[in-house]
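Trainee: quick one, what's the 3D model for this:
(one chain, ligands or ions: 1)
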Amino acid sequence: MAPRDEGTEIVSSIGMKYHTNRERFLPSAADWLEGKRKDDNIEGLWRIHNGLYDLDSFIKNHPGGPDWLIITKGTDITEAFETHHIKGVSEQLLSKFYVKSATTPRRSPLKFNENGFYRTLKKRIAEELPKIPKFVVQRSKLFADITVAFYILFCVLSTFSESYLLGALTGYVLALNINISHNFIHMKNNFRMYYLDLSMLSSRDFRVVHALSHHLFPNTIHDLEISMFEPVFFLLPQKKTQLRKYLSWIYALIFFPFIAIRAYTLNLIIQRRIRINTLIPWIALATTYWLTGQPFFTCLKIFIWIILWGSFCFYLIGKTAAHHHPDIFHDGDDARSKDDLDFGAHQLDAVGDRPNINESPFLTLTNFGDHALHHLFPTIDHGMLPYLYPTFLKTCIEFGIEWKLFSSVELVKGALQQLVREKTNKSLPPPLKKISTNSHNST
Ligand code: HEM
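Mentor: Numbering: from 1, shown residues only. Here you go, the predicted model:
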């Protein structure tokens, strides 16, 4: 496939249909959802495989919390439904809400064949989960609580001492706090997911940008964590001007600090959306003002500085963590055949893991470790993931799927290479060794 010109419509090499609103300048979570509703075109219902369901009466009773269903009304939720339920209970419930069959094919090419890689692995993982010791989940919660306490303490210390250096360090602690709260955002509603709002990013939007867009369609044209940066920089292989190619290494760094404040302002002023979590970031400012006795303007100055550094560190860690390297699939690269586009196989094509990060539970939580397993099963606490490797690796070998490993340095270099990469990668992943040809149909 020849690289497309900058700014022109991308043809997805895995067959994702083009997304309305994708070309908007720095598209937001709301733009993505609006486009998806328009494209999926299912009359305010919810689509799962080829069935349409009316879940209005279930929203309040959904064990994962009402937000997931409110956000996704009017869209195809097949990938979200498959990945967020491991026990099989939710499938039994579905028939109660069935309305009719969909009349058009799904826009996503990803498959969930009953004997395919993803569903086979999911069944095996479901059997392993009860065997994992419970303390690992408590440990993740403790890490989250301690990090948030450190964030508030560092806010107070940097404001009291009026130290910009300490403020920058506080921003780094804030970024670690965002990364840990990311573990909780994927789960049923819980208070630790709101730790993310301290950064001025919104936990609700993060569920759209990260959990529903990026996680389910990584490195494709449907991945908002790629399109949200366009046209500042382009991570997919395509023609790029010399200016865009090499200067983006610099202006990406200038752009990162302002993302959180921009998102907050957009939500607050332009979209006029005020929610309880809109007030959360100001807890840190109020605490420093109350405890340090510094004038309000001084507190505000340091607070903004911390938020800028938090945003910078978070996006720097995120963009160099697990997805961007020329050896990792990016839409446009040569892709698996239509029949081989198992959801799980695609995830592993688009994710890289770093063994040095995976070794430590704290580094895993703060630096997007155990990323392949996390992508496959996002609701499982990161503390539990190390126990699942024997099952995961055995299943990968059976299906002939590669688990890609990189060093941290390789992934930093890889992200820089992605910013300049125009040529599509021609090396196809090996065909799956065992896959059923009957596509799963839940109608
Ligand atoms: C956008 C689609 C959906 C998302 C993102 C979602 C998300 C979640 C989450 C995060 C949990 C908690 C999982 C855990 O604690 O391990 C959950 C649980 C649950 N959800 Fe959903 N859900 C969705 C749609 C549905 C639908 C359509 C049904 C059924 C009609 C359903 C039924 C359940 C049930 C029964 C549970 C508890 C048992 C289990 O974990 O399987 N969900 N959901």
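
Trainee: would you mind listing what in the stretch 151-300 of the chain touches the ligand?
Mentor: The stretch 151-300 of the chain comes close to the ligand at residues 187-188, as judged by CB under 6 Å from any ligand atom. Yep, even glycine has a C-beta here, placed from its N, CA and C like the rest.

Trainee: now the helices: where do they sit in the stretch 151-300 of the chain?
Mentor: Under the criterion DSSP state H, counting those that start in this stretch, the stretch 151-300 of the chain contains helices at 164-185, 203-206, 224-227, 242-255, 259-265, 282-292, 296-319.

Trainee: closest to Ala350 out of those?
Mentor: Smallest distance to Ala350 across those (CB to CB): 10.6 Å, for helix 224-227.

Trainee: rounded mean pLDDT for that closest one, please.
Mentor: Mean per-residue pLDDT for helix 224-227: 93.

Trainee: dump the C-alpha coordinates for that helix into PDB.
Mentor: What follows is helix 224-227, C-alpha atoms only, in PDB (Å, rounded to 0.1, in the frame of the first residue of the first chain):
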ATOM      1  CA  LEU A 224      -8.200   8.100  19.300                       C
ATOM      2  CA  GLU A 225      -4.900   8.100  21.200                       C
ATOM      3  CA  ILE A 226      -3.400   8.400  17.700                       C
ATOM      4  CA  SER A 227      -5.900  10.700  16.000                       C
END
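
Trainee: same for that helix, what does it pack against?
Mentor: In terms of contacts (3 or more CB pairs under 8 Å, 6 or more residues apart in numbering; DSSP states H and E), helix 224-227 is packed against helix 29-40.

Trainee: who touches the helix it packs on?
Mentor: Helix 29-40 has contacts (CB atoms under 8 Å, 6 or more residues apart in numbering) with 17, 19-22, 24, 47, 71, 74-76, 107, 202, 204-205, 208-209, 213, 224, 227, 271.

Trainee: least reliable of the helices of the stretch 151-300 of the chain by average pLDDT, please.
Mentor: Mean pLDDT across the helices of the stretch 151-300 of the chain is lowest at helix 242-255; the value there is a mean of 84.

Trainee: report the angle between that one and helix 296-319.
Mentor: Here helix 242-255 runs at 130 degrees with respect to helix 296-319, directions being taken by axes from the mean of the first three to the mean of the last three CA atoms, to 10 degrees.

Trainee: flag every buried residue along helix 242-255.
Mentor: Using 16 or more other CB atoms under 10 Å as the test for burial, helix 242-255 gives 244-245, 248, 252, 255.

Trainee: could I get the full set of helices for the stretch 1-150 of the chain?
Mentor: Here the stretch 1-150 of the chain has its helices, by DSSP H, counting those that start in this stretch, at 29-40, 67-72, 78-84, 89-94, 117-128, 135-161.

Trainee: ranking those helices by mean pLDDT, which is last?
Mentor: Comparing mean pLDDT across the helices of the stretch 1-150 of the chain, the weakest is helix 89-94, with a mean of 89.

Trainee: so for the residue most central in space within the chain, what's the nearest residue that isn't a sequence neighbour?
Mentor: By CA atoms, centre = their mean, the chain has its centre lying nearest to His210, at 2.8 Å. Excluding the flanking residues, the one nearest His210 by CB to CB, 6 or more residues apart in numbering is Glu225, at 6.7 Å.

Trainee: helix, strand, or coil at Lys423?
Mentor: Per DSSP: H, G, I helix; E, B strand; the rest coil, the secondary structure class of Lys423 is coil.

Trainee: ok, the nearest residue to it once chain neighbours are set aside to Ile259 distance?
Mentor: Closest residue in space to Lys423, ignoring its immediate chain neighbours: Pro237 at 6.2 Å, by CB to CB, 6+ apart. Distance, Pro237 to Ile259, by CB to CB, to the nearest Å: 24 Å.

Trainee: who has more neighbours, these two?
Mentor: Pro237 (23 against 20; other CB atoms under 10 Å).

Trainee: what about that one, distance to Thr424?
Mentor: Applying CB to CB to Pro237 and Thr424 gives a distance of 5 Å.

Trainee: cool, and Ile304?
Mentor: Look at Ile304 and Thr424: by CB to CB, they are 41 Å apart.

Trainee: so who does Tyr53 touch?
Mentor: Tyr53 makes contact with 45-47, 94, 97-99 under the criterion CB under 8 Å, 6+ apart.

Trainee: neighbour-wise, which one of those residues leads?
Mentor: In terms of neighbour count, Trp46 stands highest of the contacts of Tyr53 at 26 neighbours, by other CB under 10 Å.

Trainee: please look at that one and Ile77 and confirm they touch.
Mentor: Yes: using CB atoms under 8 Å, Trp46 is in contact with Ile77, at 5.4 Å.

Trainee: in space, what's closest to Thr287 - neighbours in sequence excluded?
Mentor: Thr287 sits nearest to Ile152 (CB to CB, 6+ apart), 5.8 Å away.

Trainee: and the one you found, how many neighbours?
Mentor: 18.

Trainee: verify the stated contact: the residue nearest to His210 with Leu212.
Mentor: No: the pair Glu225 / Leu212 is not scored as a contact, 11.1 Å apart, by CB under 8 Å.

Trainee: and those two? which has more neighbours close in?
Mentor: Using other CB under 10 Å as the criterion, Glu225 and Leu212 rank with Leu212 on top: 24 against 19.

Trainee: okay, the more buried one: pLDDT?
Mentor: You'll see Leu212 listed with a pLDDT of 97.

Trainee: right, and it touches Ile71 too?
Mentor: Yes: using CB under 8 Å, Leu212 is in contact with Ile71, at 7.3 Å.

Trainee: what about the closest residue to Leu169 other than its chain neighbours, how many residues nearby?
Mentor: Nearest non-adjacent residue to Leu169, counting by CB to CB, 6+ apart: Phe154, 6.6 Å away. Neighbour count for Phe154, taken as other CB under 10 Å: 20.

Trainee: contacting residues around Phe154?
Mentor: By CB under 8 Å, 6+ apart, the residues touching Phe154 are 166, 169-170, 173.

Trainee: if we go to 10 Å?
Mentor: Taking CB atoms under 10 Å, 6 or more residues apart in numbering, we find Phe154 in contact with 166-167, 169-174, 284, 306.

Trainee: ok, so of those, who is nearest Phe329?
Mentor: Of the contacts of Phe154, the one sitting nearest to Phe329 (CB to CB) turns out to be Tyr172, at 30.8 Å.

Trainee: common neighbours of Leu212 and Ile71, please.
Mentor: Common contact partners of Leu212 and Ile71 (CB under 10 Å, 6+ apart): 29, 33, 77, 80.

Trainee: may I see the PyMOL selection of the buried members of these?
Mentor: Filtering these down to the buried ones (16+ other CB under 10 Å) takes a single PyMOL command:
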select buried, resi 29+33+77+80
